[in-house]
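S.K.: The amino acid sequence is not available; the structure is as follows:
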């Protein structure tokens, strides 16, 4: 689960990790009151769950109160488009106005799970404020990495390696080491999958501040963190994805025209590949799970049909716990209740497959039984 920058900074403050002073605004009145209380310059920052806000016009540095009000008025309510939002963009409903900082140096710092080495890896660079991918590609020698055994914790020699690699000295080096220990403890406590600060700045006085904050929490651990669950922003959630979650379905909306329904994440990925190989694009990832009921299948079918871009549906099921006849009953029920007019290709194998195919054939609906994956691909290409 992703949280906003201002929410991540709330966690930082609780952990005594220095961040700039700031206030969250959602209305013009709040903007006016906040700017009146702050010294210039200030940074006005859109709060959306996507990166690249600055390049999309969602971050502005204002040196006067008038410029701050203009920037805040422009950013609040805008449809912010970044490389992570897609062409439609995301509406900005919240902005963060922060006190300006005297920046001497910009650093990059992140922590994430390294599954290959069963470790937490800390990544740092002197090139803060830039796309870390670009730095890694063009100047990989400027990327520092330390893999931390979560059972042993952050060791002194690892702190010294990072501090020295960033060329920090004196009190600044000591502050960095203290902050890094606190960040590592926060990462473990909240079951984070990612923690990123870009940039982590050194001020003119040698102090270190987290000028930005990105935190992702492992969704499987949210039951341990009700305070994080309370931070969930439903305004940024796709309504179809939210509807699917309420029915216990794993659904991710994509940009294609062929809706898909499968039982199993691996099969879902293979199904999307098959759709693309047929010359069309998948409209979604939808996994109804191995133990889905006819009601869940019907709910998944309804969700797919709510996407206006869908012009055909591919159902690919391997019947095990979810029997093929149960699937077929759910598909037929959903098709009749929704007044289905779109073509549907169904490929099923496994338990009660013949019974399932008979249910589809006898339904009188526009449902095509595919005998195998090759046949399914040819049917999809014709949609």
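M.R.: It's in. Remember, predicted model here, so these are calculated numbers, not experimental data. Residues are numbered from 1 along each chain as shown.

S.K.: If I follow the layout properly, residue 56 ends up in contact with residue 82?
M.R.: Yes. With contact defined as Cβ atoms under 8 Å, residue 56 and residue 82 form a contacting pair (4.2 Å). Backbone N, C-alpha and C define where each C-beta goes, glycine included.

S.K.: and for these two, which residues touch both?
M.R.: Common contacts of residue 56 and residue 82 (Cβ atoms under 8 Å, 6 or more residues apart in numbering): residue 89.

S.K.: Next, residue 350: phi, psi?
M.R.: Main-chain dihedrals, residue 350, degrees, to the nearest 10: phi 120, psi -150.

S.K.: list the contacts for it?
M.R.: Applying Cβ under 8 Å, 6+ apart, one finds that residue 350 lies in contact with 317, 318, 319, 320, 323, 324.

S.K.: Might you report the residue contacts of the residue lying closest to it once chain neighbours are set aside?
M.R.: Computed as Cβ to Cβ, 6 or more residues apart in numbering, the closest residue to residue 350 that is not its neighbour in sequence is residue 319, at 2.9 Å. Taking Cβ under 8 Å, 6+ apart as the definition of contact, the neighbours of residue 319 are 327, 348, 349, 350, 351, 352, 353, 356.

S.K.: circling back: tell me the most packed of the contacts of residue 350, by neighbour count.
M.R.: residue 317 (28 neighbours; other Cβ atoms under 10 Å).

S.K.: So it sits against residue 351, correct?
M.R.: No. Taking Cβ under 8 Å as the definition, residue 317 is not a contact partner of residue 351, at 10.1 Å.

S.K.: before we move on, the earlier item: among the contacts of residue 350, which lie within strands?
M.R.: Those of the contacts of residue 350 mapping onto strands are 317, 318, 319, per DSSP state E.

S.K.: tell me the mean pLDDT over stretch 79-91?
M.R.: Averaging pLDDT along stretch 79-91 yields 85.

S.K.: Tell me which residues touch residue 324, please.
M.R.: Residue 324 makes contacts with 317, 348, 349, 350, 351, 352, 353, 355, 356, 357, as judged by Cβ under 8 Å, 6+ apart.

S.K.: From residue 261, how far off is the fourth one?
M.R.: Pointing back at residue 350 there. Between residue 350 and residue 261 the distance, using Cβ to Cβ, to the nearest Å, works out to 15 Å.

S.K.: same check, this time on the third one
M.R.: Taking Cβ to Cβ as the criterion, residue 349 is separated from residue 261 by 15 Å.
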